[in-house]
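Enquirer: I'll drop the sequence and a predicted model, then ask my questions.
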Amino acid sequence: MKPNTLDRKDIQAEFKWNFNHIYPNWESWQSDFDILKKEVDEIKAMQGSLGKSADNLLAAFLKHDKIEKQSYKIYAYPALQKSTDNRDNTVQAKLQEVMQFFAIMQTATSWMAPELMEIPKETWQEWFVQMPDLEPYRFGLENINRQKAHILSKDKERLLSYFSPTAGTAANTYTSLTTADVQFPEIELESGEKLKLTHGNYAHLLNISKVRSDRKKAAEAFYPLYANQKNTIASLYKGICDKDFAFAQARNFNTSLEAKLEKNNISPSVYTNLIETVGDNTEALKKYHALRAKYLKLTGDYHAYDSRLTLVDFDKKYDWEEAKKMVLASVKPLGEEYVSKYKTALENGWIDVFENDGKSSGAYSMGVYGVHPFILMNYNETQDHVFTLAHEMGHSLHTIFSEENQPFATHDYTIFVAEVASTFNERLLLDYMLEKSTDKLEKISLLQQSIENITGTFFIQTMFADFELQAHQTIEQGQALTAEKLTAICEELDKKYYGEEVFTRDQDNIFWARIPHFYRSPFYVYQYATSFAASASLYAQVKEGLKNGDSKPLENYLNLLRSGGNDYPVEQLKKAGADLTQSETIQAVIHQLSDLVDALEEALED
């Protein structure tokens, strides 16, 4: 059953995270935190010793691993609790203490990369032969050597580390401004019911409400949450772009984009080819919304608040127990080992299920090394949220497979690969539900869900990536980045992707102000699109393989999940069977959307 309250204390324990899996209490957390501080002092004392012997090098790596492992728990304990209630000042203070210490820790270890680079390659290659225990660190050392031009001297690295505490200030301020400090408006629906427009309630209303006046009223009430603070938010975003470019220049990069991609050895051409290819092929996206407008009898009066509404009167509710059964059944093709781990993740306090006052919006999966992943949901019983659960479970199982099959040094997979597993699981769920459904309306609803998976994960995220590139380029060219400029970029992109004929636009487009990733993780969202393309390719191969009795594509996919971060992400995907350096991989998703829109058009005509 779903709790009928938004007060967290009244939500049953089975629907909430069990923080005891990390620490039983704050005293235990503090004890480990104190130990961690001593460990950091000890690694500082190792400075100057790495190049003297293989034993010294291994000792430093092991000490660094110990610090990093403990840091996962020290950070997660307050960070996860903050997500459940952003108004809790005590927890916020604990998290701030952790972040301040992490800045100190970064300074204390800033000497390591420059010192590692001073060791001749021939020397450490010989040490790897002499001491097999060093082998887990080979890829990391090779990667550091590859980035020599962007790693500074010890003194400069130390100087740069002093600015770390300021790097997240704008993002943290944005989060506080749009979650903890926000006063959500309340509207009265046509039915007479009053509704507080939290992030979750607003999205839910636009998805399911057949009463257009309610959707319009909600959009008009929600828009000022960002519009009334647009200059403040724009100032925060400018600060983030300034910070990105400053750090890029400090490390001898020409652009912020180059700096963000270099760590994972990704060519900027992968990014620019994506936005150019998708931006030049938006016909199917425009056709989809024109079809929606026609079917809803809104041609000439089709607004953004109409673009999420389900096309058919299929508003089935999926309670939490049903959602769990569906997502579990959908992953059966991935084998017994996967299913067993999946079931464990669903049933043991790993998921915080329902929305409550002060809780962070959206959904995520956070891996806590040595414990397990924690999934944040704001479950509202819609079909969309069933798919969100499948998505986050994909991340969590990826984390589990990586941690179990990789040494700590290479357990952490990159963001570039991360969204492959999540979107793969969404596709599994879609096919499972389409196969099981006997209801024509449900099938139309699922077809719409499939289309919106592509538009939301592939097209819109590419549009967002285009925005981020243009915004950062504005700073890099020495131009002003104001609310007006940001809005102008958004409006041009809106017309490029959706056309000028379908939508009626009576408000400024300020999507720049409401997308948290722009503030928390710049140049993140393009990876949703590249991962979706890779995932679609791998899914087709696995499906075809299972159909023909060939298990190799499935094993290649599971090996990708097991591989953690043991190679550069583009190479990992190539090994699994998806080559993102080829435009055909991107084009395939565009063709897939076109076919689905045609199928939806036919189904609606029936």
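Expert: Cool, the structure landed. Numbers count the residues shown, from 1 in each chain.

Enquirer: Ser365 in helix, strand or coil?
Expert: strand (DSSP: H, G, I helix; E, B strand; the rest coil).

Enquirer: so how far is the lowest-mean-pLDDT helix or strand in the chain from its chain's centroid?
Expert: Lowest mean confidence among the helices and strands of the chain (mean pLDDT, DSSP states H and E): helix 164-167, at a mean of 85. Mean C-alpha position of helix 164-167 versus that of the full chain (CA atoms, centre = their mean, to the nearest Å) differs by 22 Å.

Enquirer: Quick check: buried residues in that helix?
Expert: Ser164, Pro165 (16 or more other CB atoms under 10 Å). Just so you know, the C-beta spots here come from the backbone N, C-alpha and C atoms, and that holds for glycine as well.

Enquirer: Quick one: list the elements packing against that helix.
Expert: Applying 3 or more CB pairs under 8 Å, 6 or more residues apart in numbering; DSSP states H and E, we find helix 164-167 packed against helix 89-109, helix 230-250.

Enquirer: what's the closest of those helices to Thr179?
Expert: In terms of CB to CB, the element of these nearest to Thr179 is helix 89-109, at 11.6 Å.

Enquirer: I'd like the average pLDDT over the helix or strand following the closest one.
Expert: Scanning forward in sequence from helix 89-109 by DSSP states H and E, the next helix or strand is helix 112-118. Helix 112-118 comes out with an average pLDDT of 91.

Enquirer: which residues touch the helix or strand that comes right after helix 112-118?
Expert: Following helix 112-118 in sequence order, the next helix or strand is helix 121-130 (DSSP H and E). Helix 121-130 is contacted by residues Gly51, Ala54, Leu57, Leu134, Glu135, Arg138, Leu141, Asn145 when judged by CB atoms under 8 Å, 6 or more residues apart in numbering.

Enquirer: repeat for stretch 479-495
Expert: Counting by CB under 8 Å, 6+ apart, 230-231, 233-234, 237-238, 241, 463, 466-467, 470-471, 474-475, 503, 505, 508-513 sit against stretch 479-495.

Enquirer: Longest helix in the protein, please.
Expert: helix 54-84 (DSSP state H).

Enquirer: Just the pLDDT for Gln449.
Expert: So Gln449 comes in at 88 (pLDDT).

Enquirer: coming back round to it: can you pull the buried residues of the longest helix of the chain?
Expert: Buried, per 16+ other CB under 10 Å, within helix 54-84: 54, 57-58, 60-61, 63-64, 66-67, 70-84.

Enquirer: got it, and stretch 265-284?
Expert: Here stretch 265-284 shows Asn265, Ile266, Val270, Tyr271, Asn273, Leu274, Ile275, Thr277, Val278, Asn281, Thr282, Ala284 as buried, counting by 16+ other CB under 10 Å.

Enquirer: So for Ser267, what's the nearest residue that isn't a sequence neighbour?
Expert: Leu261 (7.2 Å; CB to CB, 6 or more residues apart in numbering).

Enquirer: Hmm, Pro268 and that neighbour touching each other?
Expert: Yes - using CB atoms under 8 Å, Leu261 makes contact with Pro268 at a distance of 5.9 Å.

Enquirer: Using the three-state scheme, assign Ile375.
Expert: Look at Ile375: counting by three-state DSSP, its state is strand.

Enquirer: who does it bridge with?
Expert: Ile351, Ser365 (DSSP bridges).

Enquirer: picking up where we left off before, quickly check the contacts of helix 121-130 for the two that are furthest apart.
Expert: Greatest spatial distance among these (CB to CB): Gly51 and Glu135, at 18.8 Å.

Enquirer: So for these two, which sits in the more crowded spot?
Expert: Comparing Gly51 with Glu135 by other CB atoms under 10 Å, the one with more neighbours is Gly51, at 15 against 12.

Enquirer: residues touching the more buried one, list them.
Expert: Counted by CB under 8 Å, 6+ apart, Gly51 has contacts Leu57, Glu115, Glu118, Ile119, Thr123.

Enquirer: What of Lys230?
Expert: Ala483, Thr487, Ile510, Ala513.

Enquirer: Okay, and which of the residues you listed map to helices?
Expert: Short answer: the contacts of Lys230 in helices (DSSP H) are Ala483, Thr487.

Enquirer: any chance of the contacts of Lys230 in a markdown table, plus distance to Leu311 and pLDDT?
Expert: Supplementary listing: those in a markdown table, determined by distance: CB to CB, whole Å; pLDDT from 0 to 100:
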| residue | distance to Leu311 | pLDDT |
| --- | --- | --- |
| Ala483 | 35 | 97 |
| Thr487 | 30 | 97 |
| Ile510 | 27 | 93 |
| Ala513 | 29 | 95 |
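
Enquirer: just curious, which of the contacts of Lys230 is nearest to Tyr379?
Expert: Looking across these and measuring by CB to CB, the closest to Tyr379 is Ala513, at 26.2 Å.

Enquirer: Would you mind pulling the contact partners of stretch 496-511?
Expert: 219, 223, 226-227, 230, 279, 282, 285-286, 289-290, 293, 300-304, 307, 459-460, 463-464, 467, 483, 486-487, 490-491, 494.

Enquirer: Apply 6 Å and report the result again.
Expert: Residues outside stretch 496-511 that contact it (CB atoms under 6 Å, 6 or more residues apart in numbering): 223, 226, 282, 286, 289-290, 293, 301-303, 463, 487, 490-491, 494.

Enquirer: Would you mark the buried spots in that stretch?
Expert: Tyr497, Tyr498, Gly499, Val502, Phe503, Asn509, Ile510, Phe511.
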